[in-house]
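[1] here is the input, now give the coordinates:
(chains A, B, C and D)
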2 protein chains.
Amino acid sequence: MTARRAAAARATINDVAAVAGVSRGTVSRVLNAEAYVSEAARSAVMDAISKVGYVRNSAARNLATRQSHAVGLVVHEPHSLFLEDPNIGSILLGINSALSDADYQLVSLVIDSERDSHRVAEYLSGGFVDGVIIVSARAHDPIAKVVAELGIAAAFVGHPVDVEGIPYVGIDNFSAAKAITTRLKETGRRRIGMIAAGLDRDSGQDRMAGFRAALGDAFDPELVVTTPLYAHTSGIDGMRLLLDRAPDVDGVFAASDAMAAGVLDVLREVGRSVPGDVGVVGFDDSAWATRAQPPLSTVHQPAGQLGRRAAESVLAQLRGETVDTAGTFLETAIVWRDSA
Amino acid sequence: MTARRAAAARATINDVAAVAGVSRGTVSRVLNAEAYVSEAARSAVMDAISKVGYVRNSAARNLATRQSHAVGLVVHEPHSLFLEDPNIGSILLGINSALSDADYQLVSLVIDSERDSHRVAEYLSGGFVDGVIIVSARAHDPIAKVVAELGIAAAFVGHPVDVEGIPYVGIDNFSAAKAITTRLKETGRRRIGMIAAGLDRDSGQDRMAGFRAALGDAFDPELVVTTPLYAHTSGIDGMRLLLDRAPDVDGVFAASDAMAAGVLDVLREVGRSVPGDVGVVGFDDSAWATRAQPPLSTVHQPAGQLGRRAAESVLAQLRGETVDTAGTFLETAIVWRDSA
DNA sequence: GTTTATTCTGGGAGCGTTCCCAGAAGTGCC
DNA sequence: GGCACTTCTGGGAACGCTCCCAGAATAAAC
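    Numbers count the residues shown, from 1 in each chain, chains lettered A, B, ... in the order given. Now for the predicted structure:
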């Protein structure tokens, strides 16, 4: 099998113009939906387009407009969370959906961390993309810094930890944590504990604050176990500690599904039934939730919307609009399964 | 925050030529590593490039060469497995790595299934990409058909079910299944059963054949339970059936990690310890494997390599080379954890 | 009917490359 | 020194679009 050029000779705007009996300029105006085109000319051009099978040559357009009509999805390997984030697929689809609605392309910018940030800057200022979306950046992400300096149209999905001036889209962790804790409380639990994590970020703090707000007077600091990571093992260690402190605990809110899965493991180990003896809820609605036994009640993140909104922010910046550099917080939903 | 053009005035090839004291043509030759450039000219151009901070304008290049220098990753939503495949992130990274080595861009082609295949064909022949990579296509995938008809440079990652003439990259299911079964046998198991699935595909058949080959004379058809799907519930049902048939089973090879997780659930239910009473192995090294209790011994797929090889095949086609339209099979590795 | 504003159209110029041809410079051989 | 190669260089033309200006056609106002 050898390579073959897809189409021997593709129709150009000139072919369309000739068939429609108008000029190149008029075809271009129709293509770009500009004003001042007569209805007769417009329909003649439309007919001609489908007749000759015209498809716009984006390279020529990009060259003439000096824009790439592309938005990059920055994946900064291996330091990014790209491979770990369970919602990444949906986020990507959401981004793409918004972009293609606006006739923009999504290009993947996988940046190898071996190279320095100078290379990254060159890459971004190289005109390959008009804007950039950064998913789950970590603290001190060099790309975030470069983007901020260059003033490139950009948006984050997820919390940027130490970057100012770039809009981001996230979820309302406080309300979500409060809502699911309330729901857990309503199942009749009296002694509800929490396995908290990531308190060095506002997302982690907000989840804990939401938990506290939901319990009100019933809140007992003794029942909150803090761990540094959102990991499965943190959930195991955290739950053991919690059981030590409060053997009568009958409800647990884990700040991530991975930790909740760890909680489940410990409860099984010590012979407590879920949700019979103890009700457990998680956070994320990741793969952990459905694969756990029993499946976890958890907080669902609107991953697709997260991506879409970030893309729309970049698009707005590209149109020259002023966008809010503060965060946009999306509503979450509670998914009630069998663990509580 | 308003949009800002990244660079006020980017350096062009003419600026480089002026600084280097040579002509446009010579700069172009240096840029494209062509023959017939004197060493003096080459180094003068190189110096000038870094001096003026030149970055090639890909739109102009694409226009002049009539190639996009981009390869598309087709994601055919919602029918594709894009969101489900646990290895998708690594595959994507592997593809990108090979592509960027060859100075190609990866662009995401998310195709909405609401539109017809005519639109897909237009998309692919529209010159947006020079080639295309299709991940985990399902049977009767319309894109696969269009690609085959158009003769576009393409490659599959994963088994195409009903498409001929397009190269694909997969793993050697037979050897992998044989190897892990042998390994299981070597732990001293005497009665090893299998939960097979997907026998309507060669991947499923190969896994079963590998299992059989590993056992040799010890193979007992009675100990093979067949299910249609690779799902978790299939694993549960399959294991119950296997225990009915052979209560003395002391080893199980499940054709997927999801099924192996189901096997684990059943064994726990009936009070058999793993790996004490029964050794269990899976296939895929997906998230199920690490999240199972105990973590599964399984077959690891070289996801990054799968992507890289597919990309390299497309690149070879683009260079006009003849590539083998049969499948390329990559070696797998056994990951030995705690379940056997 | 004339003037003025508005709507519409054609086509030249330019975007930054690559391609290719013509010719200059260098090398080797008789 | 003359001739035939080979190596190297410059620059015109083209790629297919958008931008923009000048002017034609039409509509509105006097």
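
[2] the biggest helix by length in chain A near DNA strand D anywhere?
    As assigned by DSSP state H, the longest helix anywhere in chain A is helix A:303-318. No: using C-beta under 7 Å from any atom of the strand, we find that helix A:303-318 stays clear of DNA strand D, coming within 13.1 Å at best. C-betas here are computed from N, CA, C, even on glycine.

[3] any residues touching that helix, and which ones?
    Among residues not part of helix A:303-318, those counted as contacts by C-beta atoms under 8 Å, 6 or more residues apart in numbering or on different chains are A:71, A:87-99, A:102, A:104, A:130-133, A:153-158, A:167-171, A:323, A:328, A:330, B:1-3.

[4] so where do the helices sit in the stretch 151-300 of chain A?
    For the stretch 151-300 of chain A, the helices defined by DSSP state H, counting those that start in this stretch occupy A:173-185, A:202-215, A:232-245, A:257-269, A:287-291.

[5] how about the stretch 201-340 of chain A: which residue is closest to DNA strand C?
    At 18.8 Å from DNA strand C, residue A:318 is the closest residue in the stretch 201-340 of chain A, using C-beta to the nearest atom of the strand.

[6] right, and residue A:164 touches residue A:148 too?
    Yes: between residue A:164 and residue A:148 a contact is recorded at 7.3 Å, counting by C-beta atoms under 8 Å.

[7] okay, those two: which has more neighbours?
    Taking other C-beta atoms under 10 Å in any protein chain shown, residue A:164 and residue A:148 do not tie; residue A:148 has more neighbours (15 against 8).

[8] quick one: the longest helix of chain A to chain centroid distance?
    Remark: helix A:303-318 is offset 9 Å from the chain centroid, using C-alpha atoms, centre = their mean, to the nearest Å.

[9] which is the next helix or strand following it?
    Moving toward the C-terminus from helix A:303-318, the next helix or strand (DSSP states H and E) is strand A:327-330.

[10] so which bits of the stretch 51-200 of chain A are right by DNA strand D?
    By C-beta under 7 Å from any atom of the strand, the residues of the stretch 51-200 of chain A that approach DNA strand D are A:54, A:56, A:57, A:60, A:61, A:63, A:64, A:65.

[11] contacts only, for the closest residue in space to residue A:182 that isn't next to it in sequence.
    Leaving aside its sequence neighbours, residue A:182 sits nearest to residue A:214 (C-beta to C-beta, 6 or more residues apart in numbering or on different chains; 4.5 Å). By C-beta under 8 Å, 6+ apart, the residues touching residue A:214 are A:177, A:178, A:179, A:181, A:182, A:185.

[12] where does the stretch 1-150 of chain A have low pLDDT?
    Counting by pLDDT under 70, the stretch 1-150 of chain A contains low-confidence residues at A:1-8, A:77-86, A:113-117, A:137-139.

[13] residues from it in reach of DNA strand C?
    By C-beta under 7 Å from any atom of the strand, the residues of the stretch 1-150 of chain A that approach DNA strand C are A:21-26, A:28-29, A:35-41, A:60, A:63-64, A:66.

[14] let's see 10 Å
    Selection of the stretch 1-150 of chain A residues close to DNA strand C by C-beta under 10 Å from any atom of the strand yields A:17, A:20-30, A:34-42, A:44-45, A:59-66, A:126-127.

[15] just those residues that are near chain B?
    When C-beta under 8 Å from any C-beta of the partner chain is applied, the members of those adjacent to chain B are A:59, A:60, A:62, A:63, A:126, A:127.

[16] buried members of the residues you listed into ChimeraX, please.
    A single ChimeraX command selects the buried members of those (16 or more other C-beta atoms under 10 Å in any protein chain shown):
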select /A:59,62,63,126,127
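
[17] show me which pair in the ones next to chain B among the residues of the stretch 1-150 of chain A next to DNA strand C is furthest apart.
    Maximum pairwise distance in those, criterion C-beta to C-beta, is 19.1 Å, between A:60 and A:126.

[18] now for the helix or strand where residue A:133 lies, which elements pack on it?
    Using DSSP H and E, the element containing residue A:133 is strand A:131-135. With contacts defined as 3 or more C-beta pairs under 8 Å, 6 or more residues apart in numbering or on different chains; DSSP states H and E, the packing partners of strand A:131-135 are strand A:70-77, helix A:88-101, helix A:142-150, strand A:153-157, helix A:303-318.

[19] now residue A:165: how far from residue A:325?
    From residue A:165 over to residue A:325 the distance is 5 Å, taken as C-beta to C-beta, to the nearest Å.

[20] neighbour count winner among the two?
    residue A:325 (14 against 11).

[21] got a list of what that one touches?
    Neighbour list for residue A:325: A:164, A:165, A:166, A:167, B:1 [criterion: C-beta under 8 Å, 6+ apart].

[22] tell me the backbone dihedrals of residue A:331, please.
    Main-chain dihedrals, residue A:331, degrees, to the nearest 10: phi -70, psi 140.

[23] that one - how many residues pack around it?
    By other C-beta under 10 Å, the residues close to residue A:331 number 11.

[24] before we move on, what about residue A:209?
    15.

[25] check it and give its pLDDT.
    At residue A:209, the model reports a pLDDT of 96.

[26] give me the spatial nearest neighbour of it, chain neighbours excluded.
    residue A:174 (5.5 Å).

[27] tell me what the helix or strand that contains residue A:61 is packed against?
    Using DSSP H and E, the element containing residue A:61 is helix A:58-65. Helix A:58-65 sits against helix B:58-65, with contacts defined as 3+ C-beta pairs under 8 Å, 6+ apart.

[28] touching the helix it packs on from outside, list them.
    By C-beta under 8 Å, 6+ apart, the residues outside helix B:58-65 that reach it are A:57, A:59, A:60, A:62, A:63, A:68, A:127, A:128, B:68, B:69, B:105.

[29] that older thread, now do the residue nearest to residue A:209 against residue A:301, distance only.
    Distance, residue A:174 to residue A:301, using C-beta to C-beta: 14 Å.

[30] same question, residue A:233
    For residue A:233, the distance to residue A:301 equals 23 Å [C-beta to C-beta].

[31] so the two - more neighbours on which side?
    residue A:301 (22 against 13).

[32] pretty sure that one contacts residue A:282?
    No: the pair residue A:301 and residue A:282 fails to qualify as a contact (C-beta under 8 Å) at a distance of 11.7 Å.

[33] quick one, phi/psi of residue A:339?
    phi -80, psi 0.

[34] so who does it touch?
    By C-beta under 8 Å, 6+ apart, the contact set of residue A:339 is A:260, A:264, A:274-275, A:279-282, A:292, A:294-297.

[35] same check on residue A:164?
    Neighbour list for residue A:164: A:148, A:325 [criterion: C-beta under 8 Å, 6+ apart].

[36] so residue A:135 bridges to which residues?
    Counting by DSSP bridges, residue A:135 is bridged to residue A:157.

[37] just give the number of residues close to it.
    As a burial measure, residue A:135 scores 24 neighbours (other C-beta under 10 Å).

[38] ok so, going back, how far off centre is the helix holding residue A:61?
    Distance, stretch centre to chain centre, for helix A:58-65: 30 Å (C-alpha atoms, centre = their mean).

[39] output it as PDB, nothing but the C-alphas.
    The C-alpha atoms that make up helix A:58-65 are tabulated as PDB, following Å, rounded to 0.1, in the frame of the first residue of the first chain:
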ATOM      1  CA  SER A  58      -7.400  25.900   5.800                       C
ATOM      2  CA  ALA A  59      -3.700  26.400   5.200                       C
ATOM      3  CA  ALA A  60      -4.400  29.200   2.800                       C
ATOM      4  CA  ARG A  61      -6.900  30.700   5.100                       C
ATOM      5  CA  ASN A  62      -4.600  30.500   8.100                       C
ATOM      6  CA  LEU A  63      -1.800  32.100   6.100                       C
ATOM      7  CA  ALA A  64      -4.000  35.000   4.900                       C
ATOM      8  CA  THR A  65      -5.600  35.600   8.300                       C
END
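
[40] got the residues of the stretch 201-340 of chain A near DNA strand D?
    Within the stretch 201-340 of chain A, no position is near DNA strand D by C-beta under 10 Å from any atom of the strand.

[41] now do the same for the nearest residue to residue A:102 once chain neighbours are set aside: its pLDDT.
    Nearest non-adjacent residue to residue A:102, counting by C-beta to C-beta, 6+ apart: residue A:315, 5.2 Å away. At residue A:315, the predicted lDDT confidence score is 95.
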